[in-house]
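1. output the structure for:
(one chain, ligands or ions: 1)
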Amino acid sequence: MGFKTKQIHAGVTPDPVTGSILTPIYQTTTYVQDSVDEYLAKGYSYSRSANPTVRALENKLTALEGAADTTCFGTGMAAINAVFMAFLNAGDHCIISDVVYGGTYRLATKIYSRFGVEFSFVDTSDAENVRKALRDNTRLILTETPANPTLKLTDIAAVSAIAREANVPHAVDNTFLTPYYQRPLDLGADMSIHSTTKYFDGHNATVGGAVMAATAELDAKLRFVLNATGSIMSPQVAWLTLQGIKTLSVRVDGQSANAQQIAEFLQEHPMVERVCYPGLASFPQHQLAKSQASGFGAMLWFEVKGGLAAGKKLMDTVELFSLAENLGSIESLITHPVTMTHADVEPAERARIGLSDSLVRVSVGLEDVEDLIAALDKALNAL
Ligand SMILES: *Cc1c(COP(=O)(O)O)cnc(C)c1O
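-> Okay, here's the model as predicted:
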């Protein structure tokens, strides 16, 4: 089956009791067992361990990403935390992309470092840097591609090959492109991580996370952390996400087409200093963007002439783009990563990874692109 058929039908069957075409929201704590000897015969005991609505979403995500199984979490950060918890012990070492979501950086440097885990923030855009950073005690490689917010890419197949040779699991944060455009497990990665908050939901309605694992053994480690820590997704969130996913391809294609046009418009605008979008020929890793994914996504960033002050004025005044932290929704959003999503990344580290104070991040939505371009043009011309 093709992706579009799977995004609608996979993982979901009509409710056996009523025929309801949508999987019901199983708002329940506990599940009555048939007998002591047949405990867990239906697979459910208590909603921290498993819930049928969440399970339907996990099954759909498994089909979309080509995984062995999926475990859902309360947020994307809970999903990343579960990957850390499942694979890292005190004294272990983790290699992580130097450009990652600010919350991932914060979790590593402010929490796991307290527990004796060491992190190397590596420029994974060159896979050889991963090989060089390997140590005897390296137990996890986490890459994010395209990376939030600079959009730096990592060659998933190349890093996965190095990881396999070293017998270290490779997890990829695939939030920005979704399995519709990029499937890390097909490229050799062991886990694909998502903030379902973003494109899977797509409507600014929920926060959630998921890890799709290449083997049942990996998934069992994550599910153990889920049950042990209680970082679960609620059935309401799973239900909304199940509905959002049915239009994933339509939204992502439409939003990406809008992003391409906006990037081309910005590139020509005299008030714009620099535009970064993987679909532009000027994007430094344009070839890799084309070869490892089937689309360029709907995230871009730019810098305006006049630096930080002008950038702030633009973000405060531009119409139609909401000044907000989320991304991936059908509403276009504009973000200043340095004060918003990446505020906990120290200035020296930001400078090292090319996250400048004047970077304006845009999550392109599904509005008429003419209206979005007109709004940007008006705000740029008023600078
Ligand atoms: C938003 C985001 C996360 C964190 O997800 P939450 O659902 O906000 O906890 C992780 N990785 C990336 C790339 C993100 O954009």
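
2. identify the residues contacting Ala351.
-> By C-beta atoms under 8 Å, 6 or more residues apart in numbering, Ala351 lies in contact with nothing. Glycine gets a C-beta too; all of them are placed from N, C-alpha and C.

3. please apply the same query to the one 10 residues further on.
-> Applying C-beta under 8 Å, 6+ apart, we find Arg361 in contact with Pro149, Met299, Leu300, Trp301, Leu327, Ile334, Thr335, His336, Pro337, Thr341.

4. need these in a markdown table (columns: neighbour count and pLDDT).
-> Below are the contacts of Arg361 laid out as a markdown table (neighbours: other C-beta atoms under 10 Å; pLDDT from 0 to 100):
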| residue | neighbour count | pLDDT |
| --- | --- | --- |
| Pro149 | 29 | 92 |
| Met299 | 26 | 98 |
| Leu300 | 25 | 98 |
| Trp301 | 22 | 96 |
| Leu327 | 25 | 96 |
| Ile334 | 22 | 96 |
| Thr335 | 26 | 93 |
| His336 | 23 | 91 |
| Pro337 | 23 | 90 |
| Thr341 | 20 | 87 |
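
5. mark which of these are part of strands, please.
-> Members of these lying in strands (criterion: DSSP state E): Met299, Leu300, Trp301, Ile334, Thr335.

6. what's the closest of those residues to the ligand?
-> Met299 (8.9 Å; C-beta to the nearest ligand atom).

7. surely the closest one and Ser363 touch.
-> Yes - contact criterion C-beta atoms under 8 Å: Met299 and Ser363 qualify, at 5.9 Å.

8. what do those two both touch?
-> With C-beta under 8 Å, 6+ apart, Met299 and Ser363 have common neighbours Leu327.

9. run through the bridge partners of whatever residue of the stretch 101-250 of the chain ends up closest to the ligand.
-> When scored by C-beta to the nearest ligand atom, the stretch 101-250 of the chain has Ser195 as its residue closest to the ligand, at 3.0 Å. Beta-bridge pairing for Ser195 (DSSP bridges): Gly209.

10. I'd say it and Ala78 touch.
-> No - taking contacts as C-beta under 8 Å, Ser195 lies outside contact range of Ala78: 9.8 Å.

11. which one of these two is surrounded by more residues?
-> A side-by-side neighbour count of Ser195 and Ala78, using other C-beta atoms under 10 Å, places Ser195 first with 29 against 23.

12. who's in contact with that one?
-> Counted by C-beta under 8 Å, 6+ apart, Ser195 has contacts Thr75, Gly76, Met77, Ala79, Tyr101, Thr175, Val207, Gly208, Gly209.

13. what do you get if the cut-off is 10 Å, keeping everything else the same?
-> 73, 75-80, 101, 103, 148, 173-176, 201, 207-210, 326-328 (C-beta atoms under 10 Å, 6 or more residues apart in numbering).

14. also His342?
-> Contacts of His342 by C-beta under 10 Å, 6+ apart are 99-103, 105-106, 148-150, 335-336, 349-350, 353, 355, 359, 361.

15. out of these, which are buried?
-> Those of the contacts of His342 that meet the buried threshold are 99-103, 105-106, 148-150, 335-336, 349-350, 353, 355, 359, 361, by 16 or more other C-beta atoms under 10 Å.

16. nearest residue to the closest residue to the ligand within the stretch 251-383 of the chain in space, ignoring adjacent ones along the chain?
-> Residue nearest to the ligand within the stretch 251-383 of the chain: Leu327 (6.0 Å; C-beta to the nearest ligand atom). Of all residues not flanking Leu327 in the chain, Ser363 sits nearest, at 3.7 Å (C-beta to C-beta, 6 or more residues apart in numbering).

17. pretty sure the one you found contacts Met340?
-> No - using C-beta atoms under 10 Å, Ser363 is not in contact with Met340; the gap is 11.9 Å.

18. so what sits against both of the two?
-> Pro149, Ala324, Glu325.

19. got the residues of the stretch 1-150 of the chain near the ligand?
-> Neighbours of the ligand within the stretch 1-150 of the chain, by C-beta under 6 Å from any ligand atom: Thr75, Gly76, Met77, Tyr101, Gly103, Thr104, Glu144, Asn148.
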